[in-house]
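**Student:** Sharing a sequence plus its predicted fold:
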2 protein chains.
Amino acid sequence: VSLARYREVGLKKIVTDVLERAGVARRHAQTVADSLIHADLRGVESHGVSRLPVYLKRIETGRIDYRREPVLTMQKGAVARLDGGNQLGAVAGQAAMEHALELARQYGTGLVGVCHSNHFGACSYYALKAVEQKMMLLVLSNAPKAIAPTGGIRPFFGTNPIAIGIPADTKPPFLLDMATSVTARGKIALAQKKGERIPVDWALDARGEPTTDPAEALQGTLLPIGGAKGYGLAMFVDIMCGLLTGGAAGPAVGSLYESDPAAQNVGHLFLAVDIQKFMPIEQFLKTFADYLRRIKAEPKRPGVEQIWIPGEMEWKKMRENKAQGIPLDPAIIAEVEELCRRYGVDMGQALCESSESFFDPKVSGTPPLS
Amino acid sequence: VSLARYREVGLKKIVTDVLERAGVARRHAQTVADSLIHADLRGVESHGVSRLPVYLKRIETGRIDYRREPVLTMQKGAVARLDGGNQLGAVAGQAAMEHALELARQYGTGLVGVCHSNHFGACSYYALKAVEQKMMLLVLSNAPKAIAPTGGIRPFFGTNPIAIGIPADTKPPFLLDMATSVTARGKIALAQKKGERIPVDWALDARGEPTTDPAEALQGTLLPIGGAKGYGLAMFVDIMCGLLTGGAAGPAVGSLYESDPAAQNVGHLFLAVDIQKFMPIEQFLKTFADYLRRIKAEPKRPGVEQIWIPGEMEWKKMRENKAQGIPLDPAIIAEVEELCRRYGVDMGQALCESSESFFDPKVSGTPPLS
């Protein structure tokens, strides 16, 4: 059964309207809507409008200071720190990303840490914005505890993602967005719901033993990628986002879904590089596109249809969803409809007509990779 | 059977003398010796004096331009590029690291790319130097092809390491040094020599199928950590070290052991951060030490004796080897002795007396973590 599809523009308007009616300044509401729909467009449902209900809940219960503005609390040369003021994470994220790009234009590189922030959506959102300005961006964020240190049994680090965007003279660009855990808790919960076992390298149970039982895994901890290597990377992300910024680190980062502590105190880090300081941008964009094409042309394993560039699958999905509308799960739609009713926003305006198609992805855009 | 042990200072002198007699400037010979013995002290034999014979071979056959000086070819604000001039890698690495630290002191962060370099030893060498100056350092290097893109069967990326050093008010500091592959080719070769099978997640055979046979694995490709995530990280390292610096990338990076291409054309990237721009350094060092102690105090899996901080095992080994001498494999010693004979250097001066102990690690140094 195929899911109902929704218009990108209509969905953004709905999310913006709901947030605005909940008290968020219009421009901030637009940023948050943009970041959530970015994820849905790319097929990353876990970071899309599925998060809107919990954002609203935290706004309504005063756990997000939606009237605050992020404040620049330190600026020295090419480094800066932004206090997110417990505002919606995407607001601080957007401001920090823009500041990092500005510093990079001036100094070649710019590093901006953010403390006292909240869940800021998909890291790829910021990386892609930078890429659109022909800049490189590294994005880190800490997150609520989920991963134990190697040898431990208790969650300490978040899934602490690392995202990197690098522009190329082709679409898609390089857009890596990865958790430092092998998988997300959401995928384990989904396996449980479906009555399936999980791979043995996903998680440990509460006693610290490997498990293929999703219920036991949810009582335990997620495993980092590459064993002690991923543990080291998760710790690095936590240090940069939590300790360097003077914010919260490790288990002190609050859950998005629990009410204690009241503030999540998430930290982020943005590192921008201005490629033009190294060579004419057109030269880099062309060289990098050739490099990506060479990788795609490498000989493949039996049964493999194509070699994907990081972010390419999501880019393909985005083109499809822009053309045909964004498919949303009925459970998510029901939650958004409930919010729309509460805030007097018409959800129906975003639903695609069954025969609707906005444009032909084949004739739009820039040269594809393959 | 226990291995003969060698004095740190004596070994450094021997390596320096051999390199100097081969024509390398004394200060550069000292840097290379320092980097190799650093690895042996930490028990990372693969990056220690075991590399000296191939360094010498490349010097003697004119594949390393040992008389050249690295040249700063770009300097704009907080970013710079160094041309390694095909000199020994550690020479360019040391210069780039120092320059990155200098830029970070001025701008808060400093990013220095290096092109036209060679094998530069263990990344941890540079990260530790920065930590000793209470600075953070990220070190990347590309390397000869070993890993296929996910879905591919032909080596394209090197094991492209990522190292990160972060100072703490305790020893050891945080010192992560990891390849983006699950393992090194050397470990597979060792399994072959011992007649052992290898874990199924280490490598693919030449047809792109998983294998536990080390001989088949050596004909194939190494697997990256975390599947497509490690592939993305290996590509990121290659882009930063190869494409951004204007140097060689992917399979164009030459092997250390083969003679074609003549120059390896390795690229590196150093990113330094001056913590003091964010807070008083003593505050960070103390907060970070507390954080590390909390991680070590986390509850452990059954059978786990302790939770290790990245770099802690190697630090412990270093203290042991500083106290008791560095144990070296007879096969490595035989090669070094051959070089000593050729260059008229007395190897015997470095051998420890059987009862020798240089100091008691328990009474030296700064407060241990545990």
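**Tutor:** The structure has been received and is ready for your questions. Numbering: from 1, shown residues only, chains lettered A, B, ... in the order given.
**Student:** Counting by contacts, list what the helix-or-strand element of chain A with minimal mean pLDDT packs against.
**Tutor:** Every helix and strand in chain A was compared by mean pLDDT, DSSP states H and E; the lowest is helix A:185-194, with a mean of 89. On a contact count with 3 or more CB pairs under 8 Å, 6 or more residues apart in numbering or on different chains; DSSP states H and E, helix A:185-194 meets helix A:214-218. Using the backbone N, CA and C atoms, a C-beta is placed for each residue, glycine as well.
**Student:** how about a cut-off of 10 Å?
**Tutor:** Helix A:185-194 makes packing contacts with helix A:214-218, strand A:221-222 when contacts are defined by 3 or more CB pairs under 10 Å, 6 or more residues apart in numbering or on different chains; DSSP states H and E.
**Student:** so which of these gets nearest chain B?
**Tutor:** With CB to the nearest CB, the closest approach to chain B among the helices and strands packed on helix A:185-194 belongs to strand A:221-222: 10.1 Å.
**Student:** who's in contact with the closest one?
**Tutor:** Contacts with strand A:221-222, where a contact means CB atoms under 10 Å, 6 or more residues apart in numbering or on different chains, come from A:145-149, A:152-159, A:179-185, A:187-188, A:202-206, A:208, A:230, A:234.
**Student:** after the strand or helix carrying A:Arg27, next one along is what?
**Tutor:** Taking DSSP states H and E as the definition, A:Arg27 sits inside helix A:26-41. Later in the chain than helix A:26-41, the nearest helix or strand by DSSP H and E is helix A:52-60.
**Student:** What's the first helix or strand after that next one?
**Tutor:** Heading C-terminal from helix A:52-60 (DSSP H and E), you reach strand A:71-76.
**Student:** So is that following strand next to chain B?
**Tutor:** Yes. For a cut-off given as CB under 10 Å from any CB of the partner chain, strand A:71-76 has contacts with chain B, namely A:73-76.
**Student:** Could you do stretch A:310-327 as well?
**Tutor:** Yes. Residues of stretch A:310-327 contacting chain B under CB under 10 Å from any CB: A:310-311, A:313.
**Student:** pLDDT for the residues you listed - can I get that in a markdown table?
**Tutor:** Below are the residues of stretch A:310-327 next to chain B laid out as a markdown table (pLDDT from 0 to 100):
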| residue | pLDDT |
| --- | --- |
| A:Pro310 | 98 |
| A:Gly311 | 98 |
| A:Met313 | 97 |
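**Student:** Which among the residues you listed count as buried?
**Tutor:** A:310-311 (16 or more other CB atoms under 10 Å in any protein chain shown).
**Student:** Secondary structure for the residues of stretch A:310-327 next to chain B - can I get that in a markdown table?
**Tutor:** What follows is those, written out as a markdown table (DSSP: H, G, I helix; E, B strand; the rest coil):
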| residue | secondary structure |
| --- | --- |
| A:Pro310 | coil |
| A:Gly311 | coil |
| A:Met313 | helix |
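**Student:** could you point out where chain A is predicted with low confidence?
**Tutor:** A:1, A:354-355, A:357-370 (pLDDT under 70).
**Student:** Go ahead and flag the most central residue of it.
**Tutor:** Of all residues in chain A, the one closest to the mean position by CA atoms, centre = their mean is A:Ala122, 1.0 Å from it.
**Student:** So it is in contact with A:Lys129, correct?
**Tutor:** No. A:Ala122 lies out of contact with A:Lys129 (CB atoms under 10 Å); the separation is 11.5 Å.
**Student:** Check the contact lists of those two and give me the overlap.
**Tutor:** With CB under 10 Å, 6+ apart, A:Ala122 and A:Lys129 have common neighbours A:35, A:38.
**Student:** picking that back up, how about the residue nearest to the centre of chain A, what does it touch?
**Tutor:** Counting by CB under 10 Å, 6+ apart, A:Ala122 has contacts A:35-36, A:38-40, A:42, A:44, A:46-48, A:51, A:90, A:128, A:139, A:161, A:163, A:177, A:314.
**Student:** Select only the buried ones of the residues you listed in ChimeraX?
**Tutor:** Filtering these down to the buried ones (16+ other CB under 10 Å) takes a single ChimeraX command:
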select /A:35,36,38,39,40,42,44,47,48,51,90,128,139,161,163,177,314
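**Student:** Which of the residues of strand A:71-76 next to chain B sits closest to chain B?
**Tutor:** A:Lys76 (4.6 Å).
**Student:** re earlier: which of the residues of stretch A:310-327 next to chain B sits closest to chain B?
**Tutor:** Of these, the one sitting nearest to chain B (CB to the nearest CB) turns out to be A:Pro310, at 4.1 Å.
**Student:** OK, contacts around the closest one?
**Tutor:** By CB under 10 Å, 6+ apart, A:Pro310 lies in contact with A:124, A:163-166, A:172-178, A:292, B:149-150, B:228-229, B:231-233, B:235-236.
**Student:** what are the ranges of the helices in chain A?
**Tutor:** Along chain A, the stretches classed as helices by DSSP state H are A:8-21, A:26-41, A:52-60, A:89-107, A:123-132, A:185-194, A:214-218, A:228-238, A:281-296, A:312-324, A:330-343.
**Student:** Flag every buried residue along the third one.
**Tutor:** Taking 16+ other CB under 10 Å as the basis for neighbour counts, the residues of helix A:52-60 that come out buried are A:52-53, A:55-56, A:58-59.
**Student:** Quick one: those residues as CSV, columns for distance to A:Phe270 too.
**Tutor:** CSV is the format used below for the buried residues of helix A:52-60 (distance: CB to CB, whole Å):
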residue, distance to A:Phe270
A:Leu52, 24
A:Pro53, 27
A:Tyr55, 21
A:Leu56, 26
A:Arg58, 23
A:Ile59, 24
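**Student:** and the stretch 1-150 of chain A, which of its residues are near chain B?
**Tutor:** Residues of the stretch 1-150 of chain A lying near chain B (CB under 10 Å from any CB): A:73-81, A:103-111, A:113, A:136, A:138, A:148-150.
**Student:** Please spell out the PyMOL selection for the buried subset of those.
**Tutor:** Here is the PyMOL selection string for the buried members of the residues of the stretch 1-150 of chain A next to chain B, based on 16+ other CB under 10 Å:
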select buried, chain A and resi 74+77+78+79+80+81+103+104+105+106+107+108+109+110+111+113+136+138+148+149+150
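**Student:** so which of the helices and strands packed on helix A:185-194 is the most packed in?
**Tutor:** strand A:221-222 (a mean of 26; mean count of other CB atoms under 10 Å in any protein chain shown).
**Student:** mind checking how far it is from the chain centre?
**Tutor:** Distance, stretch centre to chain centre, for strand A:221-222: 20 Å (CA atoms, centre = their mean, to the nearest Å).
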